[in-house]
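> using only what follows, build the 3D model:
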Amino acid sequence: MKKNVFITLCAVAAMASVSCARLEVNQEVPGLRVPAVINATAGVSTRATIDGLQISWVAGDQISLFDATGKAEGAFTADASGTSVSFSGTKEEGDVLKYAIYPANENATCTAGVFTTTIPGEQDGTISNAIAVAEEASGSFVFLNAASVIKITIPASETDINFVSFLADNAATIAGDVTVSMSDLTAVASPATNAKKYSRVSAYKGGQALSGDIYLTVIPGTYSGMVVFGKKDGTVRYAATVKVASKNYVVNRIKNFGTVANLTWVKGAVPGVFTMDADGHRALMSQGFIRYDDATKTWSIADTFTRLTSFNASGVIEVFKWNNAETPTAATDHGTDDWRDEGDWAKKLGQFGYQSGWKIGTVGEYEYCLRQTSKTTDSRETANLVRQCLGLVKVADGEYYAILYPDGWVGVSASYTAENEVPGVTMTIDELKALEDKGCAIFGHGGYLNKGTTIAWKAGTQMNLWTTERTGTKVANAFRFVYTGGKWTRLYKGLETSYGYCARPFFLVD
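Next comes the predicted model:
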């Protein structure tokens, strides 16, 4: 279907030609496949055309066909564009074409007019994921819509947006594996125990800028949630969020969220939302650690993949310690005082092109974030964070990176999926950066600073993810993890008076 169309269609079946083949005696007879053509024309139906959009097919559109018994006959392809076109494919000789579904899905099934298919969590921002189904009657196929669609319009004034998502509250299933019955024409979440269930749908086109009307297909239902936007300016990421009140998403209707306007862009944040406490407060995660420039006396958020090798490299300092925020230049000063509020460097970011509101979290906030993502319990001594929480990959040069997934993560990328999170999975830096574009927080293996001036980067599978608050015993609980035995284990003691670890803040949005 046309990439910006959510429509109803009428298709007319045509005669299929039959071919013959000579068979030797005792040779097993295979199912002969013969060419078939479905003539699809746009027509009036009981469902209304949405937003006055044109009813049309586009050359290359594909539908999946099934015979009267529900046997899959494969994909049929539109030969041309227009309101009346032919779809060509093949079917098994003697089969009667009875059911059809758009878009084509080789894994779709059909039993007595009940379809199973998938609304993907990652989409391309067009209407092409809006499901339509048809049953042959009196020689024709009438395609009717079975999903709901969200429409978000990006004005020309908003440039470089490359990611848009809708995250439903309470982990509501808004996409994934669905069933559609011709009797009610509404996509519902599949009841299968192993069905994929997504609470987030997103539009991402390989980092390309998104513009104009963006469409997200969802399962019909009533949801509240949050729209999240992401964009890039060089290596600096920006994220913005908009809360969405409870709305009813109806089959065959577009829920128009309207034109994006007056977004508050958070500089230095990846566009992933992370739940930080039991009250449901959500935050954006910074794209890297905090740095201080001694020459300009400014604070900033680093690029994830840019690392320093010494405490003071050309005037730029990796922030490792908690006190002395006004003059963080002494390489041997790792803190001799208890926690002081003025030592929270994240609060300095608002003075230098970053919004006020960045903070270094408490132990409880970070632990809750990790538990929610990993769906496991953990303790202060050992956080058994399974693969759903932190993925471990390595890049071509052998360095390892950890991936922290945001709320509602779908787990789709070029060569890395949620089912393939094992040590040794190889990705490119560009693939890791694409995951950042989609809201994942990427961590290098992390460095620490002792009383010398050289940063020791821990090789292998130990990650220093962030630093948390100091305690009265002059020990800060840094989140250091080691990957061993197929799981992540947190090392209990982090920053002592002799060592420092990088500080990575978050920004509360809800």
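
> all helices of the chain, in order?
Ranges of helices within the chain are 363-374, 429-437, based on DSSP state H.

> which of those has the lowest average pLDDT?
When the helices of the chain are compared by mean pLDDT, helix 363-374 comes last with a mean of 70.

> re earlier: so which of the helices of the chain gets nearest residue 146?
helix 429-437 (30.7 Å; C-beta to C-beta). (C-beta placed from N, C-alpha, C; glycine too.)

> rewinding a little: out of the helices of the chain, nearest to residue 87?
Nearest to residue 87, of those and by C-beta to C-beta, is helix 429-437 at 34.0 Å.

> that closest one: which residues count as buried?
For helix 429-437, burial by neighbour count (16 or more other C-beta atoms under 10 Å) applies to 432-437.

> what are the contacting residues of that helix?
162-163, 204, 206-207, 230, 232, 237, 270-271, 287, 304-305, 393, 395, 401, 403, 413-416, 442 (C-beta atoms under 8 Å, 6 or more residues apart in numbering).

> residue 288 and residue 302 touch, don't they?
Yes. If you go by C-beta atoms under 8 Å, residue 288 and residue 302 touch, sitting 3.7 Å apart.

> ok, those two, which is more surrounded?
For residue 288 versus residue 302, neighbours defined as other C-beta atoms under 10 Å are more numerous around residue 288 (26 against 21).

> the more buried one: what's it in contact with?
268, 301-304, 306, 504.

> bridged to residue 36, which residues?
According to DSSP bridges, the residues that bridge with residue 36 are residue 89.

> what's the neighbour count on it?
Residue 36 has 24 neighbouring residues, counting by other C-beta under 10 Å.

> distance check, the residue lying closest to residue 117 once chain neighbours are set aside against residue 138.
Excluding its sequence neighbours, the residue lying closest to residue 117 (C-beta to C-beta, 6 or more residues apart in numbering) is residue 108, at 4.3 Å. Residue 108 is 24 Å from residue 138, where distance means C-beta to C-beta, to the nearest Å.

> who's more crowded, those two?
Legend: neighbour count by other C-beta under 10 Å for residue 108 and residue 138, higher for residue 108 (20 against 7).

> what stretches of the chain score poorly on pLDDT?
1-31, 33, 38-56, 83-84, 309-314, 318-344, 371-392, 396-398, 411-425, 445-502 (pLDDT under 70).

> same thing but 50
2-29, 43-54, 321-323, 332-339, 374-389, 413-423, 494-497 (pLDDT under 50).

> contacting residues for residue 212?
Applying C-beta under 8 Å, 6+ apart to residue 212 gives the contacts 153-154.

> show me the beta-bridge partners of it.
Residue 212 has these beta-bridge partners by DSSP bridges: residue 154.

> so which of the contacts of residue 288 comes closest to residue 120?
Of the contacts of residue 288, the one sitting nearest to residue 120 (C-beta to C-beta) turns out to be residue 304, at 26.7 Å.

> what's the closest non-adjacent residue to that closest one?
residue 288 (4.6 Å).

> can I get stretch 215-234 in CSV? Just the C-alpha atoms.
C-alpha atoms of stretch 215-234 as CSV (Å, rounded to 0.1, in the frame of the first residue of the first chain):
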residue,chain,number,x,y,z
TYR,A,215,2.7,6.8,11.6
LEU,A,216,3.0,4.2,14.3
THR,A,217,0.7,1.1,14.2
VAL,A,218,-0.6,-0.2,17.5
ILE,A,219,-3.1,-2.8,18.8
PRO,A,220,-6.5,-1.2,19.3
GLY,A,221,-7.0,-0.4,23.0
THR,A,222,-7.0,2.3,25.7
TYR,A,223,-3.5,3.5,26.7
SER,A,224,-1.7,6.4,28.4
GLY,A,225,2.0,6.9,28.0
MET,A,226,4.8,9.0,26.6
VAL,A,227,6.1,10.0,23.2
VAL,A,228,9.9,10.1,23.1
PHE,A,229,11.9,11.9,20.4
GLY,A,230,15.6,11.7,19.6
LYS,A,231,18.0,13.7,17.4
LYS,A,232,21.7,14.2,16.9
ASP,A,233,24.0,17.1,16.2
GLY,A,234,27.3,15.6,15.4
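
> for that stretch, buried residues please.
Buried residues in stretch 215-234 (16+ other C-beta under 10 Å): 215-221, 223, 225-232.

> quick check: the farthest pair among those residues?
Longest distance between any two of these is 33.5 Å, between 220 and 232; criterion C-beta to C-beta.

> residues near residue 139, how many?
Residue 139: 8 neighbours (other C-beta under 10 Å).

> need phi/psi at it.
With angles defined as degrees, to the nearest 10, residue 139 sits at phi 80, psi 10.

> any idea how far it is from residue 98?
From residue 139 over to residue 98 (counting by C-beta to C-beta), the distance is 12 Å.

> need the contact list for residue 247.
222-224, 255.

> and those residues, which is closest to residue 80?
residue 255 (31.8 Å).

> if we can go back for a sec, in strands only, show me the contacts of residue 247.
Those of the contacts of residue 247 mapping onto strands are 222-224, 255, per DSSP state E.

> ok, residue 255 - how many residues close by?
By the other C-beta under 10 Å criterion, the neighbourhood of residue 255 contains 18 residues.

> and it, bridged to which residues?
With DSSP bridges as the criterion, residue 255 is bridged to residue 150.

> next one: it from residue 88, what distance?
Residue 255 sits 35 Å away from residue 88, going by C-beta to C-beta.

> related to what we said a few turns ago, and the buried residues of helix 429-437, which is closest to residue 73?
For those, the nearest to residue 73 is residue 434 (35.8 Å; C-beta to C-beta).
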